[in-house]
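K.L.:
Here is the input, now give the coordinates:
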Amino acid sequence: MSTPKKAPGKSDQPAQTSSSGNTFFSPVNNFFSAPPVIQKQAATAAPATPAAGSTLSAPLTDSEWRGVEVWKSCGFVGIDPLTNNPRRNAELMAAALFCERALFSREFDERREDPLLCILTDVTIADPRVQTLATHVASRGPILSWEQRTIADPVLYAMERLINEYHFPVNGAAGMVGNLRAESGVIPNRIEGSAAGTPMRAEGSDHAMHDFTPDQIMNRGTPNQVGPLLPGVGIAQWTTGTRRSGLFEHQYCGMTSGANILFNMDAQIDYLVTELQGRFAGVYNTLTNARTSVDAASDVVVKRFEVPGAILNNGALRPDTDPAVVEVLTARRNLSQGAFNAYRAAHP
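P.N.:
The predicted structure is shown next:
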């Protein structure tokens, strides 16, 4: 599945390599679609001794901080997923940053360094300079996996993501996010029939209540396995077969998360925009038109993207004057206006 169009200048760049052929790291401001890679193997080599005042372990630049935010959004550092160990996550990022600095540093002399440095992850992480850099990486707060993170205001977060990363007008973003709030509360791991406080607990195919695992949710319908009775999943409550499976197959930052996409808000928003730019291009064009009102944006999402059962009659859309349709449209317009107000309150 293709990557949605995002901010100008965030284009794919090839990885840079050293003269010996070992893969180093794409520059920090170029890895938006292909994060840098450290090969992950066991290692026992001793780390190098850091020089006093080493630029290789200096605090992060603004560009490098933006890179950290990209890794946090992707949920990966190279091929290594962020885990529930914040220190390890900071070390993975520090190792990647260190090796990129080394690639362009006059201070770094390969002849005096451990030959496995920037080749083996554990060797690189053990280097004292990387340990110092990891402390800098964690200086703005622990580096958490998506599973550990709590988004204080998911409505505002989704608004900001659509506007800042995908250039939606405020009205169009509000029309979409108001509908997401109606569908899921903008909770990435919520399944249909669950409560907001227990988003992965619902009735199963055996008609008993279960706390489902991500794999059970992804593989719903697998023979001889209990899964959620109802199919809806994620911030948009993707339901139909191809759209639901497409969520778990979606590539974000060049990686497929599988069941773990249930915890990644950014990856789900990316999938949402991918759908809009593809099979729902008409909806996308309406939402990204600066002249579209909040109400019109909300309505087009209801009738042409989400299409809840309440507005259907034998599979066909009921007329807008139908009381059931009026009720749905009104409720979602109110939620969309609320999303608009939340964004304007945060960004006067």
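K.L.:
quick one, phi/psi of the nearest residue to residue 231 once chain neighbours are set aside?
P.N.:
With sequence-adjacent residues excluded and distances taken as C-beta to C-beta, 6 or more residues apart in numbering, residue 231 is closest to residue 239, at 4.8 Å. For every residue, glycine as well, the C-beta is placed using N, CA and C. Backbone torsions for residue 239, taken as degrees, to the nearest 10, come to phi -120, psi -50.
K.L.:
need the contact list for residue 239.
P.N.:
Residues counted as contacts of residue 239 (C-beta atoms under 8 Å, 6 or more residues apart in numbering) are 192, 231, 232, 233.
K.L.:
What degree of burial does the first one show, as a neighbour count?
P.N.:
I take that to be residue 192. Burial of residue 192 is recorded as 18 neighbouring residues (other C-beta atoms under 10 Å).
K.L.:
Make sure it is actually in contact with residue 236.
P.N.:
No. Between residue 192 and residue 236 there is no contact under C-beta atoms under 8 Å: 11.4 Å.
K.L.:
what about the helices in this structure?
P.N.:
Per DSSP state H, the chain carries helices over the ranges 62-74, 86-104, 121-126, 128-137, 154-166, 170-184, 214-218, 241-249, 265-277, 281-287, 294-301, 323-346.
K.L.:
Does anything pack onto the fourth one? Which helices or strands?
P.N.:
On a contact count with 3 or more C-beta pairs under 8 Å, 6 or more residues apart in numbering; DSSP states H and E, helix 128-137 meets helix 86-104, helix 121-126.
K.L.:
Out of these, which is closest to residue 177?
P.N.:
Closest approach to residue 177 among those (C-beta to C-beta): helix 86-104, 28.5 Å.
K.L.:
and the closest one, what does it pack onto?
P.N.:
Against helix 86-104 (3+ C-beta pairs under 8 Å, 6+ apart) you get helix 62-74, strand 76-77, helix 121-126, helix 128-137.
K.L.:
show me what contacts residue 183?
P.N.:
Neighbour list for residue 183: 232, 235, 236, 237, 306 [criterion: C-beta under 8 Å, 6+ apart].
K.L.:
Over to residue 327?
P.N.:
So residue 327 contacts residue 310 (C-beta under 8 Å, 6+ apart).
K.L.:
now with 10 Å?
P.N.:
Neighbour list for residue 327: 310, 311 [criterion: C-beta atoms under 10 Å, 6 or more residues apart in numbering].
K.L.:
returning to what we had before: so which of the helices of the chain has the densest surroundings on average?
P.N.:
Of all those, helix 170-184 has the most neighbours on average by mean count of other C-beta atoms under 10 Å, namely a mean of 27.
K.L.:
what's the angle from that helix to helix 323-346?
P.N.:
120 degrees (axes from the mean of the first three to the mean of the last three C-alpha atoms, to 10 degrees).
K.L.:
for the record, mean pLDDT for helix 170-184?
P.N.:
For helix 170-184, mean pLDDT is 98.
K.L.:
Equivalent analysis for stretch 235-249, please.
P.N.:
96.
K.L.:
okay, how far is it across that stretch, tip to tip?
P.N.:
16 Å (C-alpha to C-alpha, to the nearest Å).
K.L.:
quick one: contacts for the residue nearest the centre of the chain?
P.N.:
Residue closest to the mean C-alpha point of the chain, counted by C-alpha atoms, centre = their mean, is residue 266 at 2.5 Å. By C-beta under 10 Å, 6+ apart, the residues touching residue 266 are 70, 72-75, 146, 157-158, 161, 165, 188, 252-253.
K.L.:
same question, residue 303
P.N.:
Going by C-beta under 10 Å, 6+ apart, residue 303 touches 283, 311, 317, 318, 320, 325, 328, 329.
K.L.:
Just send these back as CSV, with pLDDT and distance to residue 124 too.
P.N.:
What follows is the contacts of residue 303, written out as CSV (pLDDT from 0 to 100; distance: C-beta to C-beta, whole Å):
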residue, pLDDT, distance to residue 124
283, 98, 46
311, 96, 55
317, 95, 57
318, 96, 61
320, 94, 61
325, 96, 59
328, 97, 54
329, 97, 56
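K.L.:
Count residues in the vicinity of residue 113, would you?
P.N.:
14.
K.L.:
my guess is it contacts residue 102, does it?
P.N.:
Yes. With contacts defined as C-beta atoms under 10 Å, residue 113 counts as touching residue 102 at a distance of 8.1 Å.
K.L.:
surely residue 320 meets residue 330?
P.N.:
No. Under the criterion of C-beta under 10 Å, residue 320 makes no contact with residue 330, lying 11.1 Å away.
K.L.:
Redo the helices and strands packed on helix 128-137 as CSV? Include distance to residue 175 and mean pLDDT.
P.N.:
Listed next are these as CSV, based on distance: least, C-beta to C-beta, whole Å; pLDDT from 0 to 100:
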stretch, distance to residue 175, mean pLDDT
helix 86-104, 35, 96
helix 121-126, 44, 96
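K.L.:
Appreciated, that's everything.
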